[in-house]
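A.B. asks: Sharing a model that was predicted from the sequence below.
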Amino acid sequence: MKKTYKIDVDCANCANKMEEATKKTPGVKDATVNFMALKMKVEFEDGADVDAVMQNVIKNCKVVEDDCQIFI
Amino acid sequence: MNKKQKNLLIRVISAGVMMAVLMLLPLDDKPICRFALFMIPYLTVGYDILRKAFKGIMNRQVFDENFLMGVATIGAMALGEYTEGVAVMWFYQIGELFQSYAVGKSRQNISDLMDIRPDYANIEEDGQIEKVDPDDVEVGSTIVVNPGEKVPIDGVIIEGHTTLNTAALTGESIPADVQVGDEVISGCVNMTGVIKIETTREFEESTASKILDLVENATSRKSKSEQFITKFAKVYTPAVCYSALALAVLPPIIRLVIGMQPMWGDWIYRALTFLVISCPCAIVVSIPLSFFGGIGGAGNQGILIKGSNFMETLSQVKTVVFDKTGTITKGNFVVSGVHHSTMEDKKLVELAALAEAHSSHPISRSLQEAYGKPLDLGRVSDVTEYSGEGVVAVVDGKQVAAGNLRLMKRLGITAEDCHKVGTVVHIALDGEYAGHILIADELKGNAREAMKALAKAGVRRTVMLTGDKENVAQAVASEVGISEYHAGLLPADKVGHVEKLLASSTEKDRLAFVGDGINDAPVLGRADIGIAMGALGSDAAIEAADVVLMDDDPLKIAKAIRIAKKCMRIVYENIYFAIGVKLACLLLGALGIANMWLAIFADVGVMVICVLNAIRCLMVKNL
């Protein structure tokens, strides 16, 4: 399953870091962060609990870039 | 400016004022007081950088710009260079502010350019009109579009007629007239009359949504230069930090060993300069910004490029392969001549159109179009169709035979052959030869100019593939100026031909295939870059192609290549300029020639220049 989220982040490099962090989160199959459109596309693994996974994604993103937001 | 930016602006201004005042005060003999006073503007302008750097260290994400700036400025303060410490932070924040403003502006620009997202739909139910979210409209609903409104969902007109402005979709400024029965696509702006539309798709599947989706996701497909930058930044920052450390520690130790003055302060100052210069923001920000601008600008011209990687490939196209029908020719067959007619040309066309009236063959449609008036079917009787040959019918009491040479042979009539290229319909009236009508595929208006423009854009080889006969292919090729053509191909042969051409091209010598999106998805996929044209409303083409031309103007191919070239040129300019200036300054810094002020230029100045350069990618209208 794929979902798109709006995000807010200040720099392109930070967006790349968020992408890396999201990809490493369990339950996420693939993710792309589009800095210019300020959007994040997350592909979840089959049977993953989307809400729980996204909570972890937010946590992981905050670690690499404190000043980021993901609007769920 | 958003709230964050305004906040930062206020901090930058107030810190600037404080600095100016402090520099005027006679504080040289009160060191503690001086330090305390300078900390005020320093913290005002840079507290968030320090906080981020600290958090980064806590989260084991040590090496980033914040860390570089934090260390450099704290170091400068520790050495007693208060003015420079504050100045570095101050300029860095100005750079950040500028960059964030520029990115926001181009984001805004592009969403304005691609202003095709409809906000609402007027749905009609039981005579009542209700404004709803386009997402909630089901297929088969009736929606009303008033003048000035955007068509929210793809559909067919069931009532009214109007003029549609498709500029936002295709870049084409001439409006299109539409009436009952015509298909309309979402994103067009209704200009004159009220129309009622029966929707044929859901909002998500409609053209406007698909295009927006495509443009917004385009930058997720990263080009080689972007991947390079990502990798570069990963290695670069730690490398610079360690070099700075080495620069601060090693030379003084060596000097101590060989019995010279260590000059710690001097070398630490050089190391700090080194750190400030090295900040990678200029490249990391400007490269994605260039691609975003280029893709957005192209989108505004009706050229959808599906990713930065395709932008890169497109700029290296040296061979363009065309699938003739739909790209060079219009793909609609029209009467292009009447020869050897024993009666008025118009009369002959009329007879042929009537005789073929019952056939659904494309040829009969072209004849009807050439006739131009509604057919009175009462004048036609006793129709006999000879499959693959033509028809014989009685029109106005006379026997009319219309068909190819074989039909004439069957009826024992000697026909005049035509030496022009196209499909020939021979007509016989009551057993007597009455002349023939030539039907040919029309060349697109600017097919010739398109080939010239391609050559100018650096394309060295143009190839035409077609399923048509040799003589048709040759005529078209020489007419538009294509040197190489292959005729009589089945769709499967086209893939083979493209593969052969691909095998003979090199890495920097890319091949583009241009098709009309009908039946050529495999070839579009096989080429280095697949360009579908006239693809408005055709899902298959939008799916399969890497570059989608919204209208069917062949000149757009060259334009797409020019846009890609400009964009890539800007990307490389920025890479070379930024890395070049930084390396030069790093060297000067290590030798002790560059001071903190030059370092600030190498960081913030280069970034500002690169971002301004990147913004030029948006300006492609008159390219």
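C.D. replies: Everything's here; your move. Residues are numbered from 1 along each chain as shown, chains lettered A, B, ... in the order given.

A.B. asks: ok, which stretches of chain A are helices?
C.D. replies: Secondary structure of chain A (DSSP state H): helices at A:12-24, A:50-64.

A.B. asks: roughly how far is the longest one from the heart of the chain?
C.D. replies: Centroid separation for helix A:50-64 versus its chain: 7 Å, with Cα atoms, centre = their mean, to the nearest Å.

A.B. asks: who's in contact with that helix?
C.D. replies: The set of residues external to helix A:50-64 that reach it, using Cβ atoms under 8 Å, 6 or more residues apart in numbering or on different chains, is A:1, A:3, A:5, A:14, A:17-18, A:20-22, A:24-28, A:31, A:42, A:44, A:68, A:70, A:72, B:59, B:61. In short, each C-beta sits where N, CA and C put it, glycine included.

A.B. asks: go with 7 Å
C.D. replies: Contact partners of helix A:50-64, identified using Cβ atoms under 7 Å, 6 or more residues apart in numbering or on different chains, comprise A:3, A:17-18, A:21-22, A:24-25, A:27-28, A:42, A:44, A:68, A:70, A:72, B:59, B:61.

A.B. asks: next one: the shortest one
C.D. replies: The contact list for helix A:12-24, computed with Cβ under 7 Å, 6+ apart, reads A:9, A:28, A:30-33, A:35, A:42, A:57, A:60-61, A:63-65, A:68, B:230, B:233, B:284-285, B:288.

A.B. asks: now the angle between helix A:50-64 and it, please.
C.D. replies: When axes from the mean of the first three to the mean of the last three Cα atoms, to 10 degrees is applied, the directions of helix A:12-24 and helix A:50-64 differ by 140 degrees.

A.B. asks: Next SSE downstream of the helix or strand where residue B:254 lies?
C.D. replies: Using DSSP states H and E, residue B:254 sits in helix B:224-257. Per DSSP H and E, the first helix or strand lying C-terminal to helix B:224-257 is helix B:264-278.

A.B. asks: What about contact with chain A: does whichever helix or strand comes after that following helix have any residue there?
C.D. replies: Moving toward the C-terminus from helix B:264-278, the next helix or strand (DSSP H and E) is helix B:281-300. Yes - Helix B:281-300 lies within reach of chain A by Cβ under 7 Å from any Cβ of the partner chain, at B:284-285, B:288, B:292.

A.B. asks: centroid residue for chain A?
C.D. replies: Centroid-nearest residue in chain A, with Cα atoms, centre = their mean: residue A:22, separated by 4.5 Å.

A.B. asks: Tabulate the residues of helix B:281-300 next to chain A in a markdown table, adding columns for neighbour count, pLDDT and distance to residue B:203.
C.D. replies: A markdown table is the format used below for the residues of helix B:281-300 next to chain A (neighbours: other Cβ atoms under 10 Å in any protein chain shown; pLDDT from 0 to 100; distance: Cβ to Cβ, whole Å):
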| residue | neighbour count | pLDDT | distance to residue B:203 |
| --- | --- | --- | --- |
| B:284 | 27 | 78 | 36 |
| B:285 | 26 | 79 | 34 |
| B:288 | 28 | 82 | 29 |
| B:292 | 27 | 83 | 25 |
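
A.B. asks: Now render the residues you listed as TSV, adding distance to residue B:96.
C.D. replies: Output for the residues of helix B:281-300 next to chain A, formatted as TSV (distance: Cβ to Cβ, whole Å):
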residue	distance to residue B:96
B:284	12
B:285	10
B:288	16
B:292	19
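
A.B. asks: residue farthest from the centroid of the chain?
C.D. replies: Using chain A here. Largest centroid distance in chain A under Cα atoms, centre = their mean is residue A:47 at 18.2 Å.

A.B. asks: other chain: chain B
C.D. replies: Most peripheral residue of chain B (Cα atoms, centre = their mean): residue B:259, 64.2 Å.

A.B. asks: separation between that residue and residue B:106?
C.D. replies: 58 Å (Cβ to Cβ, to the nearest Å).

A.B. asks: what residues are up against the residue of the stretch 351-500 of chain B found nearest chain A?
C.D. replies: Relative to chain A, the nearest point of the stretch 351-500 of chain B is residue B:457 (26.2 Å; Cβ to the nearest Cβ). By Cβ under 7 Å, 6+ apart, the residues touching residue B:457 are B:558, B:561-562.

A.B. asks: rerun at 8 Å
C.D. replies: B:558, B:561-562, B:565.

A.B. asks: With residue B:22 instead?
C.D. replies: B:37-38, B:41.

A.B. asks: Can you sort out which of those residues also neighbour chain A?
C.D. replies: With Cβ under 8 Å from any Cβ of the partner chain as the criterion, those include none near chain A.

A.B. asks: State the three-state secondary structure for the residue nearest to residue B:358 when sequence neighbours are not counted.
C.D. replies: Distances taken as Cβ to Cβ, 6 or more residues apart in numbering or on different chains place residue B:383 nearest to residue B:358, at 5.4 Å, with adjacent residues excluded. Of the three states, residue B:383 takes strand according to DSSP: H, G, I helix; E, B strand; the rest coil.

A.B. asks: again, but for residue B:459
C.D. replies: coil.

A.B. asks: does residue B:199 have beta-bridge partners, and which?
C.D. replies: On the basis of DSSP bridges, residue B:199 is bridged to residue B:155.

A.B. asks: That one contacts residue B:136, doesn't it?
C.D. replies: No - Residue B:199 is not in contact with residue B:136 according to Cβ atoms under 8 Å; the separation is 11.5 Å.

A.B. asks: Which one's more surrounded, those two?
C.D. replies: A count of neighbours by other Cβ atoms under 10 Å in any protein chain shown puts residue B:199 above the other of residue B:199 and residue B:136, at 24 against 12.

A.B. asks: Which stretches in the stretch 51-200 of chain B count as helices?
C.D. replies: Assigned by DSSP state H, counting those that start in this stretch, the helices in the stretch 51-200 of chain B fall at B:65-78, B:82-113, B:167-170.

A.B. asks: looking at those helices, which is closest to residue B:312?
C.D. replies: helix B:82-113 (19.3 Å; Cβ to Cβ).

A.B. asks: Read off the pLDDT value for the residue nearest to residue B:149 when sequence neighbours are not counted.
C.D. replies: Of all residues not flanking residue B:149 in the chain, residue B:190 sits nearest, at 5.6 Å (Cβ to Cβ, 6+ apart). On the pLDDT scale, residue B:190 is placed at 88.

A.B. asks: can you pull up the bridge partners for residue B:190?
C.D. replies: residue B:164.
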